[in-house]
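>>> this one's structure only:
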């Protein structure tokens with residue numbers, strides 16, 4: 001651990017903090033229906049979209065209607081994307097003559113991008129046509145806008161009183177795409193092109209290396225996909241090596257900007273929450289709880305990777321663990337990227353998580369298992385954190401013997417039940433499918449490493465899929481019928497079976513009256529509340545996942561310190 005590394009982490013955090021308030025203020029105005037500086041340019045286009053779609057922007061929806069509109073929107077998106085992937089060999093913009101994807105892989109990929117997961121059981125440059133890549137890019141915009149829309153619906157549940165509507169899904173998703181994601185991504189893509197990221201429809205180039213060998217250099221419309229994969233916390237790489245590829249992430253500056261963009265909207269949404277409930281301190285308290293968990297994860301992961309491994313130390317090799325890392329980024333930037341991308345539901349990588357030390361790799365795993373509420377995915381991180389807030393407020397109410405309240409709304413049995421349902425659906429997928437895969441011979445055959453690390457590869461895969469992250473311990477061969485189907489199911493459950501309880505909570509809260517604060521109201525803007533919230537998150541996570549972690553990264557770390565390894569064939 002070095003001063004240079006600590007400085008990189010501090011600079012990143014300060015930039016994210018500086019962006020939270022202005023971006024939060026802009027989104028608050030936008031989703032409140034107020035005039036924004038982009039309105040004169042984009043408002044006519046927005047009206048045109050509503051006219052074509054037959055949407056009345058003034059008509060709001062009940063929470064169930066809002067949720068059903070969201071589900072129908074995604075069913076249509078799945079059908080279109082699945083068809084595109086299956087039929088890409090018959091469609092234009094396929095200069096390399098890529099064949100259509102197999103049914104199970106097309107299902108997995110379509111579900112993956114539909115759910116903002118971007119798990120990839122394929123190599124982009126060797127599998128997909130340019131048209132298919134652009135189809136994935138479109139879905140990146142729509143899945144991210146959906147997350148923002150759902151977060152806004154829940155915020156309205158807390159901020160409104162005695163009404164039945166939580167907004168209009170079609171309006172929210174249109175505004176999120178048109179006013180937030182698209183303008184930033186246009187500028188972002190131009191910045192990436194300036195830094196050296198390709199954006200072209202020309203065929204791949206054949207080159208002759210200095211040794212005389214023939215090499216095909218792949219490129220394509222990369223910058224546009226990289227921009228939204230980061231800003232929208234999607235994460236799917238245009239190239240198989242993702243952000244470790246020099247065409248996706250060519251410089252130290254692009255590396256920093258990519259990390260900042262992963263956190264930017266998620267952090268700003270906490271400010272939106274504070275503004276819309278009438279007390280910005282509420283938003284800062286949520287962001288502070290996220291920051292405590294984030295910095296704890298960065299510290300442990302950085303320490304583990306900077307310490308290196310016992311095997312290398314025995315050979316007289318000092319320094320940090322550089323296996324699987326880009327020399328141009330080093331340990332600090334690689335660790336920071338890994339923690340950022342798994343604290344958010346992004347999944348983009350600039351280093352191979354499978355090559356991290358046992359404890360270093362455990363931190364990204366824990367980030368996902370907690371529900372990716374440490375800033376989290378665009379929108380999803382905020383509503384995931386608010387689920388834990390409901391549980392924490394309920395615990396606080398039990399302590400003082402009164403009905404718990406949060407930002408003027410009483411938290412009662414219905415909200416607590418829905419919150420627990422949303423929390424419990426995730427470990428059902430994480431642990432249930434892991435248990436099946438570890439006893440199924442065909443599933444075990446996909447792991448590259450024996451011993452506890454092989455178990456971690458399976459656990460990481462189902463955790464990543466259910467948490468809608470998409471990163472992987474790359475030693476697992478996921479392109480099999482079993483993994484394509486089970487990981488696809490995990491993605492669907494992790495996205496939509498969590499969304500439905502969240503929307504039910506929004507509908508319940510929005511109909512309640514606002515209760516003025518009293519002497520007995522538990523304060524939710526100070527250090528006591530932040531500590532309680534962090535404690536509830538860690539206790540729930542610890543009780544749920546510690547046994548599984550003990551079978552994987554923890555026992556692997558203990559074996560490493562004892563000098564034990566697990567070579568293939570043992």
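That came through, no problem. Treat the numbers as computed from the prediction; the structure is a model and nothing was measured. Residues are numbered from 1 along each chain as shown.

>>> excluding its backbone neighbours, what's nearest residue 240?
residue 123 (3.6 Å; CB to CB, 6 or more residues apart in numbering). Every C-beta, even on glycine, is put in place using the N, C-alpha and C of the backbone.

>>> what about the strands in the stretch 151-300 of the chain?
205-208, 214-217 (DSSP state E, counting those that start in this stretch).

>>> I should have written the chain there, sorry.
Taking DSSP state E, the strands of the chain run over residues 205-208, 214-217, 405-406, 409-410.

>>> closest one to residue 350 among the ones you listed?
strand 214-217 (20.2 Å; CB to CB).

>>> pull out the buried residues from the closest one.
When neighbours are counted by 16 or more other CB atoms under 10 Å, no buried residue of strand 214-217 is found.

>>> what of stretch 415-422?
Buried-residue list, stretch 415-422, by 16+ other CB under 10 Å: 415, 416, 418, 419, 420, 421, 422.

>>> ditto for stretch 117-129
117, 118, 119, 120, 121, 122, 124, 125, 127, 128, 129.

>>> just the mean pLDDT for that stretch, thanks.
For stretch 117-129, mean pLDDT rounds to 93.

>>> cool, stretch 522-540 as well?
Stretch 522-540 comes out at a mean pLDDT of 92.

>>> pull out the buried positions in that stretch.
In stretch 522-540, counting by 16+ other CB under 10 Å, buried: 522, 524, 525, 529, 530, 532, 533, 534, 536, 537, 540.

>>> next: stretch 271-285.
271-277, 279-280, 282-285.

>>> stretch 10-18 too?
Going by 16+ other CB under 10 Å, stretch 10-18 has these buried residues: 12, 13, 16.

>>> grab the nearest non-local neighbour of residue 196.
That would be residue 250: by CB to CB, 6+ apart, it lies 4.1 Å from residue 196.

>>> same question, residue 143
Nearest non-adjacent residue to residue 143 (CB to CB, 6+ apart): residue 116, at 3.9 Å.

>>> please apply the same query to residue 485.
residue 104 (6.2 Å).

>>> if we can go back for a sec, the buried residues of stretch 415-422 in helices, which ones?
415, 416, 418, 419, 420, 421, 422 (DSSP state H).

>>> can you pull the contacts of the third one?
Contacts for residue 418 were tallied using CB atoms under 8 Å, 6 or more residues apart in numbering; they are 501, 502, 504, 505, 508.

>>> out of the residues you listed, list just those in helices.
Per DSSP H, the contacts of residue 418 map to helices at 501, 502, 504, 505, 508.

>>> skip the chain neighbours and tell me the closest residue to the fourth one.
Pointing back at residue 505 there. residue 418 is the one closest to residue 505 (CB to CB, 6+ apart), at 4.9 Å.

>>> ok, residue 150 next?
residue 379 (5.5 Å).

>>> run a quick neighbour tally on the nearest residue to residue 139 once chain neighbours are set aside.
In space, residue 139 comes closest to residue 113 once its chain neighbours are excluded; the distance is 4.3 Å by CB to CB, 6+ apart. Around residue 113 there are 28 other residues, counting by other CB atoms under 10 Å.

>>> show the contacting residues for residue 113.
Taking CB under 8 Å, 6+ apart as the test, what residue 113 contacts is 81, 136, 139, 140, 143, 234, 236.

>>> so what's the fourth one up against?
So the one you mean is residue 140. Counting by CB under 8 Å, 6+ apart, residue 140 has contacts 113, 116, 118, 225, 228, 229, 232, 234, 236.

>>> I figured the third one hits residue 471, correct?
No. Judged on CB atoms under 8 Å, residue 118 makes no contact with residue 471 at a distance of 9.1 Å.

>>> what is in contact with these two at once?
In contact with both residue 118 and residue 471: 235, 347, using CB under 8 Å, 6+ apart.

>>> just checking, the residue nearest to residue 196 touches residue 194?
No. Under the criterion of CB under 8 Å, residue 250 is not in contact with residue 194, lying 10.3 Å apart.

>>> hmm, back to that, CSV for the buried residues of stretch 415-422, including pLDDT and distance to residue 365?
Converted to CSV, the buried residues of stretch 415-422 look like this (pLDDT from 0 to 100; distance: CB to CB, whole Å):
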residue, pLDDT, distance to residue 365
415, 94, 29
416, 94, 28
418, 95, 27
419, 94, 23
420, 92, 23
421, 92, 23
422, 92, 20
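
>>> state the distance from residue 233 to residue 469.
9 Å (CB to CB, to the nearest Å).

>>> have a look at those two and say which one is more surrounded.
residue 233 (37 against 31).

>>> was I right to think the more buried one contacts residue 144?
Yes. Contact criterion CB under 8 Å: residue 233 and residue 144 qualify, at 6.8 Å.

>>> residues shared between the contacts of those two?
116, 378.

>>> tally up the residues packed near the nearest residue to residue 87 once chain neighbours are set aside, please.
What sits nearest to residue 87 in space, not counting adjacent residues and going by CB to CB, 6+ apart, is residue 100, at 5.7 Å. Using other CB under 10 Å, residue 100 has 18 other residues around it.

>>> in contact with residue 100, which residues?
Residue 100 neighbours (CB under 8 Å, 6+ apart): 85, 86, 87, 88, 89, 90, 106.

>>> mind doing that once more with 7 Å?
85, 86, 87, 88, 89 (CB atoms under 7 Å, 6 or more residues apart in numbering).

>>> state the pLDDT value of the last one.
Per-residue pLDDT puts residue 89 at 95.

>>> can you check the second one too?
Confidence per residue is given as pLDDT, and for residue 86 that number is 97.

>>> my read is that it contacts residue 101, right?
Yes. Assessed by CB atoms under 7 Å, residue 86 is found in contact with residue 101 at 6.1 Å.

>>> which of those two has more neighbours?
Using other CB under 10 Å, the more surrounded residue of residue 86 and residue 101 is residue 101, with 24 against 18.

>>> so that one is in contact with residue 87, correct?
No. Using CB under 7 Å, residue 101 and residue 87 do not qualify as a contacting pair, with a distance of 9.4 Å.

>>> stretch 137-147: which residues count as buried?
137, 138, 139, 140, 141, 142, 143, 144, 145, 146, 147.

>>> max pairwise distance over these: which two?
Taking CB to CB, no two of the buried residues of stretch 137-147 sit farther apart than 137 and 147, at 16.3 Å.

>>> helices and strands of this structure: which one bottoms out on pLDDT?
Every helix and strand of the chain was ranked by mean pLDDT, DSSP states H and E. The lowest is helix 310-314, at a mean of 72.

>>> correct me if wrong: the residue nearest to residue 196 contacts residue 198.
No. With contact defined as CB under 7 Å, residue 250 does not reach residue 198; the gap is 9.8 Å.
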